[in-house]
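Enquirer: Let me see the structure of the following:
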Amino acid sequence: MATPSFKVTRISEGPVKPVGETPDHTLPLAWVDRYPTHRGLVESMHIFRSGADAAPGVIREALGKALTYFYPLSGRIVEQPEKKGCPAIRCTADGVYFAEAEAECSLEDVKFLERPLLLPKEDLVPYPAEDRWGVEPHNTIMMMQITKFTCGGFVMGLRFNHASADGMGAAQFVKAVGDMARGLPEPAVKPVWDREKFPNPSIKPGPLPELPVLALDYIVLDFPTGYIDGLKTQYKAHSGKFCSGFDVLTAKLWQCRTRALNLEPDATVKLCFFASVRHLLKLDAGYYGNSIFPVKMSGTSKQVLESSVMEVIDMIREAKQRMAVEFFQFAKEETQQDPFQMTFNYESVYVSDWSKLGFSDVDYGFGPPMFAGPLVNNDFIASVVILKAPLPLDGTRILASCVTKDHSDEFARGMKEDLP
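Expert: You can find the predicted model right below:
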């Protein structure tokens with residue numbers, strides 16, 4: 001049966017500028033902000049069940065107010081001729097590109113945008129022509145679109161440049177827009193720039209990695225809170241220590257994926273994710289720049305498979321503890337190795353945690369979103385996104401693009417085998 005096609009029409013688009021006066025200057029980016037792979041727009045969707053009629057006007061007005069506080073986000077990324085390789089933000093007050101659109105369907109008609117998407121992602125986030133927005137995508141800081149659906153729900157589609165903020169920082173800004181939309185006189189958490197507080201070692205970023213061509217299957221898995229809590233309780237009995245839900249699910253998926261790949265026992269498998277270093281640097285709560293550092297671990301296929309899930313959690317927690325040491329070695333230039341240099345072969349998997357960034361707490365006056373997460377996974381990195389399950393589900397969702405079709409059934413079976 002043919003998949004139904006639904007039309008989405010943009011009814012207005014253009015820049016939203018700060019409503020107040022803002023400084024006219026250039027601000028430096030931190031070492032981690034300037035990292036080459038961060039220079040690009042990350043796309044996400046935020047689905048709300050109600051508020052469609054009021055949302056475009058309310059959010060547009062609130063966006064202009066929030067940008068007065070987060071004024072660097074209304075500028076653009078520029079190269080500095082006198083500092084080659086050190087891009088900065090030019091605070092031009094050009095604004096954020098904002099579009100309003102209408103879909104000729106309900107959210108239910110498109111299955112609440114569950115995968116596979118029944119609307120092209122190009123209908124949900126702005127892709128303005130050059131005559132409408134002359135800033136190149138890699139130099140654009142942010143774009144936003146509100147798409148109204150016939151059921152009264154709406155989707156906020158966001159494109160946010162990773163060079164300007166990490167996921168927590170982007171969520172901080174979007175929450176500030178929500179604060180202004182609900183009538184607060186100022187953001188609940190005031191932003192600070194402070195990019196000089198992130199270490200600026202002389203370590204040069206390594207060459208951009210070669211990206212493999214991987215035909216990855218897309219798999220969605222939901223885990224109830226009770227199931228996760230049960231594994232956390234088992235870990236407490238195993239080690240006498242606490243672990244997080246992220247630790248539990250990451251250990252399980254690394255082991256299940258390794259089993260599904262059916263590698264030689266001595267084959268090396270790798271796992272990587274990024275952790276916040278805000279606590280290590282004692283950054284202000286309002287800091288919204290990148291403050292992340294990679295956590296890497298590796299082992300043989302045999303080691304991962306012959307360990308219990310509890311022992312794999314031990315490996316993850318030990319890697320987290322090593323991260324602090326490795327970060328300060330980087331900060332003090334006790335190493336010349338680029339810690340952000342990655343390997344993107346099929347034996348490596350990358351995990352991203354969206355569950356605690358703050359996007360699920362955003363409220364424009366219509367209640368929190370039923371879902372907030374990345375619009376699509378990429379097709380060239382074996383990756384997994386962990387995020388809050390969409391309402392009314394209680395628990396955690398995994399969006400996995402980490403195995404090819406040959407291995408997807410075994411991977412999914414392993415992940416589900418002890419679910420209630």
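Enquirer: From now on I want contacts and neighbour counts done on CA atoms only, so please keep to that.
Expert: Fine.
Enquirer: Please enumerate the strands of the stretch 301-420 of the chain.
Expert: Assigned by DSSP state E, counting those that start in this stretch, the strands in the stretch 301-420 of the chain fall at 348-353, 371-374, 383-388, 395-401.
Enquirer: List the buried residues for the last one?
Expert: What it means is strand 395-401. Residues 395, 396, 397, 398, 399, 400, 401 are the ones in strand 395-401 that count as buried (16 or more other CA atoms under 10 Å).
Enquirer: Nearest to residue 47 among these?
Expert: Residue 47 lies nearest to residue 397 out of those, by CA to CA, at 15.3 Å.
Enquirer: Which helix or strand contains residue 260?
Expert: Residue 260 belongs to helix 245-261 when elements are defined using DSSP states H and E.
Enquirer: so where is the protein shaky, pLDDT-wise?
Expert: Scanning the chain for pLDDT under 70 picks out 1-4, 377-379.
Enquirer: wait, what's in contact with the residue nearest in space to the middle of it?
Expert: Closest to where the C-alpha atoms of the chain average out (CA atoms, centre = their mean) is residue 167, at 5.0 Å. By CA atoms under 8 Å, 6 or more residues apart in numbering, the contact list for residue 167 reads 354, 357.
Enquirer: Report how many residues lie close to residue 61.
Expert: 18 (other CA atoms under 10 Å).
Enquirer: what's the burial count for the nearest residue to it once chain neighbours are set aside?
Expert: Leaving aside its sequence neighbours, residue 61 sits nearest to residue 181 (CA to CA, 6 or more residues apart in numbering; 7.5 Å). By other CA under 10 Å, the residues close to residue 181 number 24.
Enquirer: ok, residue 181 touching residue 365?
Expert: Yes - at 6.6 Å, residue 181 counts as touching residue 365 under the criterion of CA atoms under 8 Å.
Enquirer: and the helix ranked longest in the chain, what does it pack onto?
Expert: Of all the elements of type helix in the chain, the one with the most residues (DSSP state H) is helix 309-331. Packing partners of helix 309-331 (3 or more CA pairs under 8 Å, 6 or more residues apart in numbering; DSSP states H and E): helix 225-239, helix 245-261, strand 292-300.
Enquirer: Okay, strands next: where are they in the stretch 1-150 of the chain?
Expert: Counting by DSSP E, counting those that start in this stretch, the strands of the stretch 1-150 of the chain are 8-16, 26-28, 41-48, 76-80, 83-90, 96-103, 142-148.
Enquirer: In stretch 151-160, which of the residues would be classed as buried?
Expert: Within stretch 151-160, the residues scored as buried using 16+ other CA under 10 Å are 151, 153, 154, 155, 156, 157, 158, 159, 160.
Enquirer: Need the contact partners of it.
Expert: 40-53, 55, 105-107, 124-126, 141-148, 170.
Enquirer: same thing but 6 Å
Expert: In this structure, residues lying in contact with stretch 151-160 by CA atoms under 6 Å, 6 or more residues apart in numbering are 41-50, 52, 106, 124-125, 141-148.
Enquirer: Likewise for stretch 179-198?
Expert: With CA under 6 Å, 6+ apart as the test, stretch 179-198 has contacts from 30, 58, 62, 176, 286, 287, 364, 365.
Enquirer: which of the residues you listed has the most neighbours?
Expert: residue 176 (29 neighbours).
Enquirer: ok, back up a step: nearest approach to residue 120 belongs to which of the strands of the stretch 1-150 of the chain?
Expert: Set against residue 120 and scored by CA to CA, the strands of the stretch 1-150 of the chain come closest in strand 8-16, at 9.5 Å.
Enquirer: Which strands and helices lie in contact with that closest one?
Expert: Strand 8-16 is packed against strand 96-103, with contacts defined by 3 or more CA pairs under 6 Å, 6 or more residues apart in numbering; DSSP states H and E.
Enquirer: list the helices and strands the strand it packs on packs on?
Expert: By 3+ CA pairs under 6 Å, 6+ apart, strand 96-103 packs against strand 8-16, strand 142-148.
Enquirer: before we move on, the earlier item: dump the strands of the stretch 301-420 of the chain to CSV, plus distance to residue 240.
Expert: CSV is the format used below for the strands of the stretch 301-420 of the chain (distance: least, CA to CA, whole Å):
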stretch, distance to residue 240
strand 348-353, 25
strand 371-374, 33
strand 383-388, 25
strand 395-401, 24
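Enquirer: what's the closest of those strands to residue 26?
Expert: strand 371-374 (30.0 Å).
Enquirer: And for that closest one, what's in contact with it?
Expert: Strand 371-374 is contacted from outside by 43, 44, 45, 46, 47, 360, 390, using CA under 6 Å, 6+ apart.
Enquirer: please redo it, this time with the cut-off set to 7 Å
Expert: Residues outside strand 371-374 that contact it (CA atoms under 7 Å, 6 or more residues apart in numbering) are 43, 44, 45, 46, 47, 354, 359, 360, 387, 390, 391.
Enquirer: What is the nearest of these to residue 96?
Expert: Distances from residue 96 to those, taken by CA to CA, are shortest for residue 43, at 14.7 Å.
Enquirer: So what's the residue count around that closest one?
Expert: Residue 43: 21 neighbours (other CA under 10 Å).
Enquirer: Report whether the expected contact of it with residue 375 is present.
Expert: Yes - assessed by CA atoms under 7 Å, residue 43 is found in contact with residue 375 at 5.6 Å.
Enquirer: With mean neighbour count and distance to residue 207 added, can I get the helices and strands packed on helix 309-331 in TSV?
Expert: Below are the helices and strands packed on helix 309-331 laid out as TSV (neighbours: other CA atoms under 10 Å; distance: least, CA to CA, whole Å):
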stretch	mean neighbour count	distance to residue 207
helix 225-239	15	39
helix 245-261	21	27
strand 292-300	18	17
